[in-house]
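Chemist: Below are the sequence and a predicted model for it; my questions follow.
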Amino acid sequence: MSTLETTNTPIRLHSPQRLLHRTWVWTRRMLVGLLILLVVLGIAGATYQAIAIRRDAAAFPPPGQLVDVGGYRLHLYCIGQGSPTVILESGQANSLAVWSWIQPAVAQTTRVCAYDRAGVGWSEDSPMPRDARQMVVELHTLLQNAAIAPPFVLVGHSFGGLVTHVYAAQYPSEVAGLVWLDVEHPEQWTRTPENHAQYQQILRLTQVGPWLARVGLVRLSNYFPLVKELPPPAAAAFKAWVDTTRFMAVNAAEFQAQLDSAAQAQAAGALGDIPLFVVTATDHGFPPAVANELEAQWLTMQNELAALSTNSVQQIVAGATHGSLQVAEQDAQVSSAAIRRVVEVARTGKPLQVTVAAQEILTSPKTSGQ
């Protein structure tokens, strides 16, 4: 006959408090594990980024010379012979590789020098602010220390227009002419509330970019694709530059000082009768819903820039993009021709001839710019 055995072991109920405690313990373990994983991935990404940067530095040595400008050195690359010397001023954080179509084309006519601003490309970092006025001080010192004497024809693309404008106002006796390739207007980020809102949005993004580059995410994601319109060696060198951590850092620094740079260019005022050639693109990749409005606004501001000199020509390149005037071979030919024209005017002293309606209209195929 079987007997019923009993036990005094208590039955443990999972109270809400106990369930909450166990949930918190497991959540904490998961969070700690996720944090450890992120740290490991961050270290791996940073190691990958450092190795890739060293590899690219060995593959792409500086083509020019490094010139001391007061405790740090700027990279300067000059080719060609003759006067006036053409000085190429790049867009925001762009290395001199972007001039690889234009510089040799202009060098057939005169000496032409491209350089990297402090912190950009092969140049060393500067402890000074990254606004246009400081960049002008550095450029002037660079040219003096490299024994490159005026007169100069200053060529600016995009942000480079602000720098060349301030330079012309600061050293007018040195400037024989200006060429502006779809350059920024001093009021580009402030003219309308929408412009300022866009500036604030980009400003926030620049604060995140350096961190993403530091752990290799910018490089791994191919965020900046190869600029195939450039000659292959220049495209590879430029790609190596934009994938660096330094690119994101100097890009952020220059953009964070954008409003100061714009105010400095605004204060520089009119240019008198300095020869000024304004080349304007017509396709800036604006959202379709507002493209017509924003393109009209851009053209209005380009017209205002051309009016800063009483001796100016404006050339509108239909179908050209903001970047294609510099990096796409066919559109870069238009830019090179404009530079050579100003060089000729500087040599002869003749005024720029203004065409019908004060504008020259050219047709360009749709090309993708940077």
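Modeler: Perfect, I can see it now. Residues are numbered from 1 along each chain as shown.
Chemist: ok, and the closest non-adjacent residue to Asp125?
Modeler: Of all residues not flanking Asp125 in the chain, Gly119 sits nearest, at 4.7 Å (Cβ to Cβ, 6 or more residues apart in numbering). All C-beta spots, glycine's among them, are computed from the backbone N, C-alpha and C.
Chemist: Quick check on the one you found: phi, psi?
Modeler: phi 80, psi -10 (degrees, to the nearest 10).
Chemist: cool, and Ala240?
Modeler: Torsion angles, degrees, to the nearest 10, at Ala240: phi -60, psi -40.
Chemist: Count the residues that sit near it.
Modeler: Counted by other Cβ atoms under 10 Å, the residues lying close to Ala240 total 21.
Chemist: Next, work out how far apart it and Ala296 are.
Modeler: Using Cβ to Cβ, to the nearest Å, Ala240 is found at 38 Å from Ala296.
Chemist: And Gln256, by the same measure?
Modeler: Taking Cβ to Cβ, one finds Gln256 at 29 Å from Ala296.
Chemist: More neighbours: which of those two?
Modeler: The neighbour count for Gln256 versus Ala296, taken as other Cβ under 10 Å, is higher for Gln256 (15 against 10).
Chemist: Surely the more buried one and Gly209 touch.
Modeler: No - Gln256 lies out of contact with Gly209 (Cβ atoms under 8 Å); the separation is 11.4 Å.
Chemist: what about the strands in this protein?
Modeler: 65-68, 73-79, 85-89, 112-116, 152-157, 175-181, 276-283, 312-321, 359-363 (DSSP state E).
Chemist: now the shortest one: mean pLDDT?
Modeler: Looking at strand 65-68 alone, the average pLDDT works out to 98.
Chemist: Kindly report the same for the second one.
Modeler: Strand 73-79 shows an average pLDDT of 98 in the prediction.
Chemist: How about the last one?
Modeler: Here strand 359-363 scores 41 as its mean pLDDT.
Chemist: Report the separation between the residue most central in space within the chain and Leu226.
Modeler: Geometric centre of the chain, nearest residue: Gln92, 2.4 Å, by Cα atoms, centre = their mean. Distance, Gln92 to Leu226, by Cβ to Cβ: 19 Å.
Chemist: dump the residue contacts of the residue nearest to Asp125.
Modeler: Gly119 makes contacts with Asp125, Ser126, Arg130, Arg246, Ala249, Val250, Ala253, as judged by Cβ atoms under 8 Å, 6 or more residues apart in numbering.
Chemist: For the stretch 251-370 of the chain, just list every one of the helices.
Modeler: Assigned by DSSP state H, counting those that start in this stretch, the helices in the stretch 251-370 of the chain fall at 258-268, 291-306, 324-327, 329-348.
Chemist: With distance to Gln81 added, can I get those in a markdown table?
Modeler: Below are those laid out as a markdown table (distance: least, Cβ to Cβ, whole Å):
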| stretch | distance to Gln81 |
| --- | --- |
| helix 258-268 | 31 |
| helix 291-306 | 31 |
| helix 324-327 | 23 |
| helix 329-348 | 12 |
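Chemist: Need the winner for burial among those.
Modeler: Of the helices of the stretch 251-370 of the chain, the one with the most neighbours on average (mean count of other Cβ atoms under 10 Å) is helix 324-327, at a mean of 28.
Chemist: Return every residue with contacts to both of Gln256 and Gly209.
Modeler: In contact with both Gln256 and Gly209: no residue, using Cβ under 8 Å, 6+ apart.
Chemist: before we move on, back to that, could I get the strands of the chain in a markdown table, plus columns for mean neighbour count?
Modeler: Shown next, in a markdown table, are the strands of the chain (neighbours: other Cβ atoms under 10 Å):
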| stretch | mean neighbour count |
| --- | --- |
| strand 65-68 | 15 |
| strand 73-79 | 21 |
| strand 85-89 | 27 |
| strand 112-116 | 26 |
| strand 152-157 | 28 |
| strand 175-181 | 27 |
| strand 276-283 | 24 |
| strand 312-321 | 21 |
| strand 359-363 | 13 |
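Chemist: Make a markdown table out of those and add distance to Tyr167.
Modeler: Formatted as a markdown table, the strands of the chain follow (distance: least, Cβ to Cβ, whole Å):
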| stretch | distance to Tyr167 |
| --- | --- |
| strand 65-68 | 17 |
| strand 73-79 | 15 |
| strand 85-89 | 8 |
| strand 112-116 | 13 |
| strand 152-157 | 6 |
| strand 175-181 | 7 |
| strand 276-283 | 13 |
| strand 312-321 | 17 |
| strand 359-363 | 26 |
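Chemist: gap between stretch 180-200 and the chain center?
Modeler: The chain centre lies 15 Å from the centre of stretch 180-200; the measure is Cα atoms, centre = their mean, to the nearest Å.
Chemist: now swap in stretch 215-225 and tell me
Modeler: Worked out by Cα atoms, centre = their mean, stretch 215-225 lies 17 Å from the chain centre.
Chemist: So for it, what gets flagged as buried?
Modeler: Val215, Gly216, Leu217, Val218, Arg219, Phe224 (16 or more other Cβ atoms under 10 Å).
Chemist: Gly64: which of those residues is nearest?
Modeler: Nearest to Gly64 among these: Phe224, at 23.0 Å, using Cβ to Cβ.
Chemist: distance of the closest one from Ser336?
Modeler: In terms of Cβ to Cβ, Phe224 sits 25 Å off from Ser336.
Chemist: Isn't Ser95 up against Trp122?
Modeler: Yes - between Ser95 and Trp122 there is a contact at 7.4 Å, judged by Cβ under 8 Å.
Chemist: so what's in contact with those two at the same time?
Modeler: Residues touching both Ser95 and Trp122 (Cβ under 8 Å, 6+ apart) are Asp116.
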